[in-house]
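Asks: here's my sequence, what's the structure:
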Amino acid sequence: MPRLFTALEVPDDVGAALSSYRGGLSGARWLDVENYHVTLRFLGDVDEDTAQEAAYLLGQVRRAPFAVTLEGLDAFGGSRPRALIARVAPSPAIVDLQAEHERLMRRAGLPAERRKFTPHVTLARLRDSSSRAVADYLGLRGGPPGLSFRAERFVLYSSRDSVGGGPYVVEAAYPLR
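Replies: Numbering: from 1, shown residues only. Predicted structure coming up:
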């Protein structure tokens, strides 16, 4: 049973720039640069029939390429931070693409996503990092000013159940045109 999700890939040059933020935060498990992505829709562990239906439906998406802009660093989890992220500007193009993925996955029989879509690139998973340490880290680093890239395609990734995610395998790629 594959664990699937749709995402935008982060180009190598942007990944390299984001990797410069690695280090300096106790309790952080840094993701490998090749695993950086912007998740659009998590499908979860699905059976083969659902995976094939999802892949087919995603092939019907017709969207133009668009710019993806990184706004800065942040953390998820509030007083118990669990992830260090690079925020992605929620442009109409990315929000609409994600909403279409949501509709298509519901059509494939998957339950509605309960979490609000917050576009981001996860840089590290946090374990036992204090909110103070995370705030200090963010205060010193600011964020990736002016980083952006053009999304030319989205992908259907599979992953194995592991601590911290990855490695991710591109199961299908869908051009934006």
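Asks: most remote residue from the middle of this structure, which is it?
Replies: Arg132 (25.0 Å; CA atoms, centre = their mean).
Asks: quick check, that residue in a strand?
Replies: No: looking at Arg132 with DSSP: H, G, I helix; E, B strand; the rest coil, it is helix, so not inside a strand.
Asks: tell me the spacing between it and Pro81.
Replies: Distance of Arg132 to Pro81, computed by CB to CB, to the nearest Å: 10 Å. (Each C-beta comes from the backbone N, C-alpha and C, glycine too.)
Asks: shared neighbours, these two?
Replies: Shared contacts of Arg132 and Pro81 (CB atoms under 8 Å, 6 or more residues apart in numbering): none.
Asks: which of the helices or strands spans Arg106?
Replies: Element membership of Arg106, judged by DSSP states H and E, is helix 92-107.
Asks: what mean pLDDT does the helix or strand just after that helix get?
Replies: Toward the C-terminus, helix 92-107 is succeeded by strand 120-126 as the next helix or strand (DSSP H and E). Average pLDDT, strand 120-126: 97.
Asks: just the C-alpha atoms of strand 120-126, please, in CSV.
Replies: Output of strand 120-126 as CSV, limited to C-alpha atoms (Å, rounded to 0.1, in the frame of the first residue of the first chain):
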residue,chain,number,x,y,z
HIS,A,120,5.7,25.7,2.9
VAL,A,121,8.9,23.8,2.6
THR,A,122,9.8,21.7,5.6
LEU,A,123,13.5,22.2,6.5
ALA,A,124,13.7,20.2,9.7
ARG,A,125,11.6,18.1,12.1
LEU,A,126,11.9,19.3,15.7
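Asks: scan the protein for its longest strand.
Replies: Longest strand of the chain, by residue count under DSSP state E: strand 66-76.
Asks: got the contact list for Glu113?
Replies: 41-42, 102, 105.
Asks: sorry, back to before: tell me the buried residues in the helix holding Arg106?
Replies: Of the residues in helix 92-107, those buried under the neighbour-count criterion (16 or more other CB atoms under 10 Å) are 93-94, 97-98, 100-102, 104-105.
Asks: among these, which one sits closest to Arg127?
Replies: Gln98 (28.0 Å; CB to CB).
Asks: that closest one and Arg41 touch, don't they?
Replies: Yes: between Gln98 and Arg41 there is a contact at 6.6 Å, judged by CB atoms under 8 Å.
Asks: and Leu4, how many neighbours?
Replies: Leu4 has 23 neighbouring residues, counting by other CB atoms under 10 Å.
Asks: state the distance from the spatially closest residue to it that is not a sequence neighbour to Ser129.
Replies: Counting by CB to CB, 6 or more residues apart in numbering, Leu4 lies nearest to Leu43, which is 4.1 Å off, once chain neighbours are set aside. According to CB to CB, Leu43 and Ser129 sit 29 Å apart.
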